[in-house]
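Chemist: Need a 3D model of the sequence below.
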Amino acid sequence: MGSSWIASSAASTMSPFPAPTNAQRKAYPKSDINLVFKDHYSSKVYTSLSPVAGDLVITTKRDVRFDSIQILLLGHSRTSFDGMATPHEITHTFLKMVMPISESAYPVPRVLEADRTYKIPFNFVIPSQLTINACNHAGLSAAMQDHHVRLPPTLGTWDRDDMAPRMAQVEYSIKARVIREDGDVRTRIMEVIEPIRVMPTSAEEPPLNVTSKDQLYRMTKTKTLRKNLLATKIGSLTAEALQPGPAVLSPDGRRVMSHPMARIKLAFTPESQRTLPPTITSVTAKVTAHTYFSSAPISSFPNLSEWNTPYLLDRRGQFFMSTTLPPVTLSEQPAWTSASSLTRRDSGYSSCNSSNLDISDLHLSSPGSPKPQQSTPTASSSTTSTTTTTTALINIPLSLPTSKKTFVPTFHSCIISRVYTAHLTVNLSARGSANTISLIVPLQVAVDGPTAPLTGSPTPATPPMSNPRHSLPPTERRVSGEEVQGGDENEEAADRPPSFEEIAADEHLRPRLLLVPDESTAVREGRGDWMFASSSAGQSQQPAAQVGEELPGYGESGWGRRTV
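Modeler: Sure, this is the predicted structure:
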């Protein structure tokens, strides 16, 4: 009411007409119209499927003729940009729900009598998703369209700082108005607006497919360690971050139900075998809230594309704010472990992809046997390395300070988006020199749904999904090749771990990649009888078996197996 009073005062000072006198105010007293909510308080937060109920109370000081009364639940997103002459403001109404009022609720005749109080009840339910008409913009992908029909949270009007600029706001409100129709002209006689705060529920999203083109994130980084600028190289340190899980908030957003855990894998390759891995001195983390806003519909995910693209007709803006997380306490240094040595294989196949082959992992002889001497290196040979790469894993808890900030869930609406990133910094020491390595990973903020179901709504029975075999009927489950006929004992058998025979069968049937060794290695290992065919005189030998052709089966007579 105070803001409307300020607006009317400003309008009266600028109007050429004189202000009304006290006699005129008494002759035309102001009517009273209010929205009275049920189970409501100033800091209440509504979530998906929450009821918003109450009464519209109207008291007039004189008889007022009217034609209809409207009560609406509205949702607006608003962006603004500073222009050369006037600010440029865009408003998008994504939610408009009208409370139906029966004809019997209106007085006959339709006149609000003086000094009489009228109460009109209303009851809304916050939807869990918008209709398709909320976003009918063209040129959107299916994934972006799905995000645009989700409810965005309230932005910009929280008690605690929600790290949003004044240029991007999302507002929900209950509006009531009394309308009079004079021919084709509709006049609002009375109107009242009460804002509410909405924190819709959101499900966990799959991990992002971060590529090198996504400049907002930095998932891996390699750094050369030196004692000083002119000193020799100590080693190479590679840090790789794994995407953490989402931070799940309570329905009111004031508590964190599930704290995410960030993980950084460190790989250190020294220049000398005597060089020890670096010492981790401290680990810090901070969360940054990125708010994207535009004057036109956003057609792609702003965090996974080039946001500030030149030569665009629409105006765009980006605002970010960081908050430091509690310091990470390292009770002990992470354990550095060497890369595990590969055990001997009994065939010429390898289970890894050809694009990820490692020369040191393809030596097929036993660890104690001498390595073959070859003039030309092949895939079955191994190189001699004087250094060993050691790895360590660091766990970094991400505890959001909900007591100081308001974290709204990650969302992408038509003209406003909000995403979060976690900046992870590892400080380490190597031979007395201080080094720092930093990574930036995506962080999703989700909101948990209400724990208690709505009154009268049945709770659907959800089958257990922890074991994939539960999705099959009992007559179709098989354990060790035999059919199971259902029952408690069969349920327990389906949940048992696989036997050694099953593990051996899986190992025998696993996908393999053919490695074709050269002639000397093939003859030395006893495979020269079938791998190479005799050619005519004066011609060199050519391989008789190529990748994709039929080869002897595993364990057949044509397969030359080595014994140790």
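Chemist: low-scoring stretches of the chain, by residue?
Modeler: Applying pLDDT under 70 to the predicted model, the residue ranges of the chain that meet it are 1-29, 84-86, 310-311, 339-387, 451-564.
Chemist: Pull out the C-alpha coordinates of the regular element (helix or strand) spanning residue 71 and format them as PDB.
Modeler: Residue 71 belongs to strand 68-81 when assigned by DSSP states H and E. Written as PDB, here are the backbone C-alpha positions of strand 68-81 (Å, rounded to 0.1, in the frame of the first residue of the first chain):
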ATOM      1  CA  SER A  68     -17.400  -8.700 -12.500                       C
ATOM      2  CA  ILE A  69     -14.700  -9.600 -10.000                       C
ATOM      3  CA  GLN A  70     -11.500 -11.300 -11.100                       C
ATOM      4  CA  ILE A  71      -9.000 -13.200  -8.800                       C
ATOM      5  CA  LEU A  72      -5.800 -14.300 -10.600                       C
ATOM      6  CA  LEU A  73      -2.600 -16.100  -9.800                       C
ATOM      7  CA  LEU A  74       0.100 -14.500 -12.000                       C
ATOM      8  CA  GLY A  75       3.700 -15.200 -12.700                       C
ATOM      9  CA  HIS A  76       5.900 -12.600 -14.400                       C
ATOM     10  CA  SER A  77       9.600 -12.500 -15.500                       C
ATOM     11  CA  ARG A  78      11.000  -9.100 -16.100                       C
ATOM     12  CA  THR A  79      14.300  -7.900 -17.600                       C
ATOM     13  CA  SER A  80      15.500  -4.400 -18.000                       C
ATOM     14  CA  PHE A  81      18.300  -2.700 -19.800                       C
END
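Chemist: May I have the strands that pair with that strand, each with its orientation?
Modeler: The pairing partners recorded for strand 68-81 under DSSP bridges are strand 88-98 (antiparallel), strand 168-182 (antiparallel).
Chemist: wouldn't residue 248 be in contact with residue 256 here?
Modeler: Yes: counting by C-beta atoms under 8 Å, residue 248 sits close enough to residue 256 to count as a contact (7.2 Å). (C-beta placed from N, C-alpha, C; glycine too.)
Chemist: Name the residues contacting each of those two.
Modeler: Taking C-beta atoms under 8 Å, 6 or more residues apart in numbering as the contact rule, residue 248 and residue 256 touch no residue in common.
Chemist: coming back round to it: single out the most deeply packed of the strands paired with strand 68-81.
Modeler: Here the criterion is mean neighbour count by mean count of other C-beta atoms under 10 Å, and of the strands paired with strand 68-81 the winner is strand 168-182, at a mean of 18.
Chemist: what's the following helix or strand after that strand?
Modeler: Towards the C-terminus, the helix or strand next in line after strand 168-182, according to DSSP H and E, is strand 185-198.
Chemist: and that next one, which strands flank it?
Modeler: Listed by DSSP bridges, the sheet partners of strand 185-198 and their directions read strand 45-46 (parallel), strand 168-182 (antiparallel).
Chemist: ok, and what's touching whichever strand or helix holds residue 123?
Modeler: Element membership of residue 123 [criterion: DSSP H and E] is strand 117-125. Residues outside strand 117-125 that contact it (C-beta under 8 Å, 6+ apart): 49-59, 69, 71, 73, 97, 99, 101, 105, 107, 112, 174, 176.
Chemist: ok, which stretches of the stretch 1-150 of the chain are helices?
Modeler: Assignment of helices within the stretch 1-150 of the chain using DSSP state H, counting those that start in this stretch yields the ranges 2-14, 22-27, 142-148.
Chemist: quick revisit: any chance of the strands paired with strand 68-81 in a markdown table, plus distance to residue 155?
Modeler: Listed next are those as a markdown table, based on distance: least, C-beta to C-beta, whole Å:
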| stretch | distance to residue 155 |
| --- | --- |
| strand 88-98 | 13 |
| strand 168-182 | 4 |
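Chemist: just to revisit the earlier point, for residue 267, find the nearest of the strands paired with strand 185-198.
Modeler: If you check each of the strands paired with strand 185-198 against residue 267 by C-beta to C-beta, strand 168-182 wins as the nearest, at 40.6 Å.
Chemist: Can I get the closest one in PDB, CA atoms only?
Modeler: Taking C-alpha atoms only, strand 168-182 is exported to PDB below (Å, rounded to 0.1, in the frame of the first residue of the first chain):
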ATOM      1  CA  ALA A 168      16.400  -9.800 -13.800                       C
ATOM      2  CA  GLN A 169      13.400 -10.600 -11.600                       C
ATOM      3  CA  VAL A 170      10.800 -13.300 -11.400                       C
ATOM      4  CA  GLU A 171       7.600 -12.500  -9.400                       C
ATOM      5  CA  TYR A 172       4.500 -14.400  -8.400                       C
ATOM      6  CA  SER A 173       1.400 -12.600  -7.000                       C
ATOM      7  CA  ILE A 174      -2.300 -12.900  -6.300                       C
ATOM      8  CA  LYS A 175      -4.300 -10.100  -8.000                       C
ATOM      9  CA  ALA A 176      -7.900  -9.200  -7.400                       C
ATOM     10  CA  ARG A 177      -9.800  -6.500  -9.200                       C
ATOM     11  CA  VAL A 178     -13.400  -5.200  -9.500                       C
ATOM     12  CA  ILE A 179     -14.400  -4.300 -13.100                       C
ATOM     13  CA  ARG A 180     -17.100  -2.200 -14.500                       C
ATOM     14  CA  GLU A 181     -18.100  -2.400 -18.200                       C
ATOM     15  CA  ASP A 182     -19.400   0.700 -20.000                       C
END
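Chemist: so it versus strand 117-125, what angle?
Modeler: Angle between the axes of strand 168-182 and strand 117-125 is 140 degrees (criterion: axes from the mean of the first three to the mean of the last three C-alpha atoms, to 10 degrees).
Chemist: I'd like the strands paired with strand 185-198 as TSV, with distance to residue 436 appended.
Modeler: Output for the strands paired with strand 185-198, formatted as TSV (distance: least, C-beta to C-beta, whole Å):
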stretch	distance to residue 436
strand 45-46	39
strand 168-182	33
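Chemist: and of the ones you listed, who's closest to residue 397?
Modeler: Nearest to residue 397, of all those, is strand 45-46, at 25.6 Å by C-beta to C-beta.
Chemist: what does that closest one contact?
Modeler: Strand 45-46 is contacted by residues 52, 126, 172, 196, 197, 198, 199, 251, 252, 253, 254 when judged by C-beta under 8 Å, 6+ apart.
Chemist: Weed out the non-buried ones from the residues you listed.
Modeler: Under a neighbour-count criterion of 16 or more other C-beta atoms under 10 Å, the subset of those counted as buried comprises 52, 126, 172, 196, 197, 198, 199, 251, 252, 253.
Chemist: Show me which of those residues is closest to residue 88.
Modeler: When these are ranked by distance to residue 88 (C-beta to C-beta), residue 172 comes first, at 23.6 Å.
Chemist: Assess the claim that that closest one and residue 195 are in contact.
Modeler: Yes: if you go by C-beta under 8 Å, residue 172 and residue 195 touch, sitting 6.7 Å apart.
Chemist: Measure how buried residue 70 is and give me the count.
Modeler: Residue crowding around residue 70 was assessed by other C-beta atoms under 10 Å; the count is 15.
Chemist: domain assignment for this structure?
Modeler: If you go by automatic domain parsing, the domain ranges for the chain are 32-198, 220-338+385-447, 512-564.
Chemist: can those domains go into TSV with extra columns for distance to residue 214?
Modeler: Shown next, in TSV, are those (distance: least, C-beta to C-beta, whole Å):
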stretch	distance to residue 214
domain 32-198	15
domain 220-338+385-447	5
domain 512-564	31
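Chemist: which of the ones you listed sits most buried?
Modeler: For these, the stretch with the most neighbours on average is domain 220-338+385-447, a mean of 17; neighbours defined as mean count of other C-beta under 10 Å.
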